[in-house]
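Visitor: 3D model of this:
(one chain, ligands or ions: 1)
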Amino acid sequence: MKIQLKSVESTQAFLKEKVLEGGVFQHLDCVVSPVQTAGLGRQGRPWIAESGNLHASLYLHPGQLPLTWIPLWIGVSVARVMLEYGVTREQVRIKWPNDVVDAGSGAKIAGVLCEKVQRIVIAGVGVNLRSAPQVQGRITTSLADLTGLALPPEIPDDFLDRLLAELKFEPYLRVLKKTYEDWAWFRPGDSVRFEDAITREEGHGRVIGYGEFGEMILSTATGERRLLSEEVHLKSRS
Ligand code: BTN
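Guide: Sure thing, here's the model as predicted:
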């Protein structure tokens, strides 16, 4: 089932409310809207919705994958769908945990917000298709910018259908982990700064890699550190 709205505060809040009210949904049912007046991003940030972009929330019954891998899987799937529109594999990467970014500049193209509600996951997906909203302190880009194509008005629906097709088959964890590492924007050896979104604690380290729960593993002055949801910024890369 695809619930197609004309305008909503947030597809995420809408679907969450329906689930909590006892609504009956199936795996990969979704809510989509061209307009969101109060879109939600990760870490309590807003998500600016612009016309021609994709704003959808998906109802997922996770299978075998650990829950912590679901957002990373969705990020990889969004990036894969972009390839179907002529973006090259070299052009996009996944910035841990699940932002789809321009491989060169790190500009954000898509974001994923996963929330566990009862025993299911609601995955909110925002993709800058036709335009890149200006977000203070961040660089953004869009599928249209990357491809140089004038994308048709029906692109959000088309992109969503392709994403749903991509998500039909849940990957094996070891396959997903390898795929994620191939797409990862932060590479072993990168020097990064991280910040806890709640406590604002800051730290620095060097990327070692990714762990079995999708966590980012760093080597820091005080030893190994595993990041679960911190905000990570690239400092330097050799
Ligand atoms: C992020 O901060 O990177 C995650 C952004 C997620 C945005 C999407 S748009 C559709 C869905 N509805 C929301 O309110 N948020 C998510």
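
Visitor: domain-wise, how is this structure divided?
Guide: Domain ranges of the chain: 2-183, 191-236, per automatic domain parsing.

Visitor: hmm, the shortest one in reach of the ligand?
Guide: Put plainly, it is domain 191-236. No. Using C-beta under 6 Å from any ligand atom, domain 191-236 never reaches the ligand; the gap is at least 10.4 Å. Using the backbone N, CA and C atoms, a C-beta is placed for each residue, glycine as well.

Visitor: give me the average confidence score over that domain.
Guide: The average pLDDT for domain 191-236 rounds to 93.

Visitor: quote the end-to-end distance of it.
Guide: Start-to-end span of domain 191-236 (C-alpha to C-alpha, to the nearest Å) is 5 Å.

Visitor: could you do the longest one as well?
Guide: One end of domain 2-183 sits 29 Å from the other (C-alpha to C-alpha).

Visitor: try stretch 211-222
Guide: End to end - C-alpha to C-alpha - stretch 211-222 spans 19 Å.

Visitor: with stretch 179-198 instead?
Guide: End-to-end span of stretch 179-198 (C-alpha to C-alpha): 30 Å.

Visitor: quick one: residues in contact with it.
Guide: Outside stretch 179-198, the residues that touch it by C-beta atoms under 8 Å, 6 or more residues apart in numbering are 43-44, 72, 76, 79, 92-96, 101, 103, 106, 171, 201-210, 214, 216, 218, 227, 229-238.

Visitor: redo that, cut-off 7 Å
Guide: With contacts defined as C-beta atoms under 7 Å, 6 or more residues apart in numbering, stretch 179-198 is touched by 43, 72, 76, 79, 93-96, 101, 103, 106, 202-210, 216, 218, 227, 229-238.

Visitor: hey, C-alpha coordinates of the strand or helix carrying Phe159 in CSV?
Guide: According to DSSP states H and E, Phe159 maps onto helix 155-166. This file holds the C-alpha atoms of helix 155-166, laid out as CSV (Å, rounded to 0.1, in the frame of the first residue of the first chain):
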residue,chain,number,x,y,z
ILE,A,155,10.7,11.6,-10.6
PRO,A,156,9.9,11.2,-6.9
ASP,A,157,7.3,8.5,-7.6
ASP,A,158,9.6,6.7,-10.0
PHE,A,159,12.5,6.9,-7.6
LEU,A,160,10.4,5.5,-4.8
ASP,A,161,9.2,2.6,-6.9
ARG,A,162,12.8,1.7,-7.7
LEU,A,163,13.8,2.0,-4.1
LEU,A,164,11.0,-0.3,-3.0
ALA,A,165,12.1,-2.8,-5.6
GLU,A,166,15.7,-2.6,-4.3
